[in-house]
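>>> Provided below for reference: sequence and predicted model.
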Amino acid sequence: MTFPIEVKNLSYQYSGRKEKVLREIDLQVNRGEVLGIVGLSGNGKSTLCYCICGIIPHIFKGRLEGEVLLFGKPVKTMDLTTVATQVGIVFQDPDTQLFSPTVEDEIAFGPENLCLDREEIGERIFDAIKVVGMEKHRHDNPHYLSGGQKQLIALASILSLKPQILIFDETMAQIDLAGKKLIKEKIRQLKKDGKTIIMIEHDFENLDVADRIMVLKDGRLGSFQGRL
Amino acid sequence: METIKNVLDPRVKLIIVLSLSTTAVFIKDVYYLGGILLISIMISILFNSPLLSLINKFKRMLWLIVSLIFIQSIFIADGTSIIALGDITFLTIQGIIKGLQLVLRMLIIIISASIMGTNTSREIVQGLVQWRIPYEIAFMVSIAIRFLPMLTDEIRDVVIAIQLRGIELEKIPLRKRIKIYSYVLMPIVANTMVKARKLSTAMEMRGFGVNENRTSYHTLQMRRIDYAVIVITILGLTTILGQYYLQGG
């Protein structure tokens, strides 16, 4: 059986660091599943995300052992364009993800990099903006939106690449309750659409949308037993 | 109704800005520079660029501008002496003229550059890309502009953090204040670099820089009015420079 995400015996050590951040991690995530990963700061949650979405080893170098497979294919042998069309990641800080003067430009950025034609880009903008329900902000400057709305735009800009896997790396850490509610609604909707989702969190209240919760402690991944 | 700022292609505005700045660099005559400054202000008003906010910023920098005139003039010993101590000349008329030239040039460049503020960074990027400038470089310019307010936010946050620790910067002597600023420089630079890294990672995760080319959802189309303005700008530039050099430069 091929899983959207399969991690086999993964260990990782950043360049210049003495200890491994991730140790012998095995993980399989099913299609349409929402997996929550919890853990204290510095336990390797974000590093695991970076390995899954190809930032490691494509952008950040270091000592990587084991492998990450996306739909059966190893991430390290894929180029970043292919990875970007399979995995989308929404980071914690919306201000370091958004750089375009309008929401429309922001969402168009990814498809433009994939060299799609104008009509296709237009359709993707329309679809992505509709999924996050931000149609009326299409021509607004994303920097003037609220934290929650910014994260929705970051999500839309990822969705325009049509990835089957989505990673939310502490996406709700910097936003208010209303923003969290909005994001969680969209996660439920995306799950219904068959997307495979990983949520990195340290706030358990945000994990009510998760089907399964795992804990990452001292670089090792295990099932969640009720406490960190 | 279309206003002039929306009518013109960003590339035309770029040509206007480059022409004004280039003229300011070549010309040394203070009267000519004053005239070019006036033209820059008028064009700026015509394009409805954020001139008022610029003037407000200039007000805060007035002391810097005046100091620049004097610092510049101190190093020019030629000309009629105004202030001298024995054999050492501190201020000359020639020095003040040089100082004025410098300030006028700065004002022309800043005010004419404000015309570009009437377009979004994406439009400017598109203009550069259609001028066959590699898209990585065009985006680099746009991201650099995007980072300026981020840098000022970072500085403001660090300064507030210092003040919250009970240090009243305004009441501290200048030398000590400079020392405190030197301490905060490192965290500001480090934080900005971290943010830049995060931004570039987010961009790369959306496929930026992977392909040699990229398509654009919005493309720019030059119209007759754009070509007409380019011709007028070039004619204006040649006339001013020609007149200046004919009069002996």
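Done, it's in.
>>> mind listing the helices for the chain?
In the absence of a named chain, this looks at chain A. Secondary structure of chain A (DSSP state H): helices at A:45-52, A:55-58, A:80-86, A:103-113, A:118-131, A:147-159, A:177-192.
>>> chain B was what I was after
In chain B, the helices defined using DSSP H lie at B:4-7, B:10-26, B:30-46, B:51-60, B:62-74, B:93-113, B:121-130, B:135-164, B:174-204, B:224-246.
>>> any idea which residue sits dead centre in chain A?
What sits nearest the mean C-alpha location of chain A, by CA atoms, centre = their mean, is residue A:167, with 1.9 Å.
>>> count the residues that sit near the residue nearest to that residue when sequence neighbours are not counted.
Leaving aside its chain neighbours, residue A:167 sits nearest to residue A:89 (4.4 Å; criterion: CB to CB, 6 or more residues apart in numbering or on different chains). To be clear about C-beta, it is placed using only N, CA and C from the backbone, and glycine gets the same treatment. Residue A:89: 29 surrounding residues under other CB atoms under 10 Å in any protein chain shown.
>>> domain-wise, how is chain A divided?
Domain segmentation of chain A under the TED database yields A:1-86+A:166-227, A:96-162.
>>> contact residues of chain A facing chain B?
Contact residues, chain A versus chain B (CB under 8 Å from any CB of the partner chain): A:53-55, A:58-59, A:79-81, A:84-85, A:88-89, A:91, A:93, A:95-97, A:99-102, A:104-105, A:108-118, A:121-122, A:125, A:157-158, A:161.
>>> so how many other residues sit close to residue B:213?
Residues near residue B:213, counting by other CB under 10 Å, number 9.
>>> can you say which of the helices of chain B is packed in most?
helix B:121-130 (a mean of 21; mean count of other CB atoms under 10 Å in any protein chain shown).
>>> so which elements touch that one?
helix B:10-26, helix B:135-164 (3 or more CB pairs under 8 Å, 6 or more residues apart in numbering or on different chains; DSSP states H and E).
>>> quick one, which of those is nearest to residue B:203?
helix B:135-164 (8.0 Å; CB to CB).
>>> what about that closest one, average pLDDT?
What helix B:135-164 shows for mean pLDDT is 83.
>>> check which helices and strands that helix is in contact with.
On a contact count with 3+ CB pairs under 8 Å, 6+ apart, helix B:135-164 meets helix B:121-130, helix B:174-204.
>>> next, format the ones you listed as TSV and append mean pLDDT.
Below are the helices and strands packed on helix B:135-164 laid out as TSV (pLDDT from 0 to 100):
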stretch	mean pLDDT
helix B:121-130	91
helix B:174-204	85
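>>> quick revisit: turn the helices of chain A into CSV, including mean pLDDT and mean neighbour count.
What follows is the helices of chain A, written out as CSV (pLDDT from 0 to 100; neighbours: other CB atoms under 10 Å in any protein chain shown):
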stretch, mean pLDDT, mean neighbour count
helix A:45-52, 93, 24
helix A:55-58, 90, 20
helix A:80-86, 88, 21
helix A:103-113, 95, 26
helix A:118-131, 95, 17
helix A:147-159, 92, 25
helix A:177-192, 89, 16
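>>> next, format those as a markdown table and append distance to residue B:76.
Below are the helices of chain A laid out as a markdown table (distance: least, CB to CB, whole Å):
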| stretch | distance to residue B:76 |
| --- | --- |
| helix A:45-52 | 57 |
| helix A:55-58 | 55 |
| helix A:80-86 | 56 |
| helix A:103-113 | 48 |
| helix A:118-131 | 57 |
| helix A:147-159 | 52 |
| helix A:177-192 | 59 |
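>>> spatially central residue in chain B, please.
For chain B, the residue nearest the mean C-alpha position is residue B:110 (4.2 Å; CA atoms, centre = their mean).
>>> quick check: closest non-adjacent residue to it.
In this structure, residue B:110 finds its nearest non-sequential neighbour in residue B:54, 6.8 Å apart by CB to CB, 6+ apart.
>>> kindly report the same for residue A:88.
residue A:158 (3.3 Å).
>>> show me chain B divided up by domain.
B:10-119+B:223-248, B:124-206.
>>> and of the ones you listed, who's closest to residue A:8?
So among those, domain B:124-206 is nearest, using CB to CB, at 22.7 Å.
>>> for that closest one, measure first residue to last.
Length of domain B:124-206, first residue to last, CA to CA, to the nearest Å: 21 Å.
>>> repeat that for stretch A:1-19.
Counting by CA to CA, you get 34 Å between the two ends of stretch A:1-19.
>>> I'd say the residue nearest to the centre of chain A and residue A:200 touch.
Yes - counting by CB atoms under 8 Å, residue A:200 is a contact partner of residue A:167 at 7.3 Å.
>>> name the residues contacting each of those two.
residue A:49 (CB atoms under 8 Å, 6 or more residues apart in numbering or on different chains).
>>> okay, the residue nearest to the centre of chain B and chain A: tell me how far apart.
To chain A, residue B:110 is 21 Å away according to CB to the nearest CB, to the nearest Å.
>>> state the pLDDT value of that residue.
89.
>>> quick one, what contacts residue 84?
Defaulting to chain A. A:110, A:113-114, A:161, A:163, B:205-207, B:210.
>>> that answer is for a different chain, and I need it for chain B
Applying CB under 8 Å, 6+ apart, the residues near residue B:84 are B:90-91.
>>> and what of residue B:35?
Taking CB under 8 Å, 6+ apart as the definition, residue B:35 has no contacts.
>>> which one of the domains of chain B lies closest to residue A:49?
From the domains of chain B, taking CB to CB, the stretch that ends up closest is domain B:124-206, at 10.8 Å.
>>> show me what the residue nearest to the centre of chain A is bridged to.
With DSSP bridges applied, residue A:167 shows beta-bridge pairing to residue A:89, residue A:198.
>>> what's the spacing between it and residue A:39?
15 Å (CB to CB, to the nearest Å).
>>> same thing with residue B:88?
On the measure of CB to CB, residue B:88 and residue A:39 end up 70 Å apart.
>>> who's more crowded, the two?
The neighbour count for residue B:88 versus residue A:39, taken as other CB under 10 Å, is higher for residue A:39 (23 against 9).
>>> report the contact partners of the spatially closest residue to the more buried one that is not a sequence neighbour.
Leaving aside its sequence neighbours, residue A:39 sits nearest to residue A:216 (CB to CB, 6+ apart; 3.7 Å). Residue A:216 makes contacts with A:37-39, A:43-45, A:48, as judged by CB under 8 Å, 6+ apart.
>>> narrow these to those in strands?
A:37-38 (DSSP state E).
>>> report the contact partners of the closest residue in space to residue A:143 that isn't next to it in sequence.
Setting aside the residues directly before and after it, residue A:143 is nearest to residue A:98 in space (CB to CB, 6+ apart), at 6.8 Å. Residues counted as contacts of residue A:98 (CB under 8 Å, 6+ apart) are A:106, A:142-143, A:150, A:153-154, A:157.
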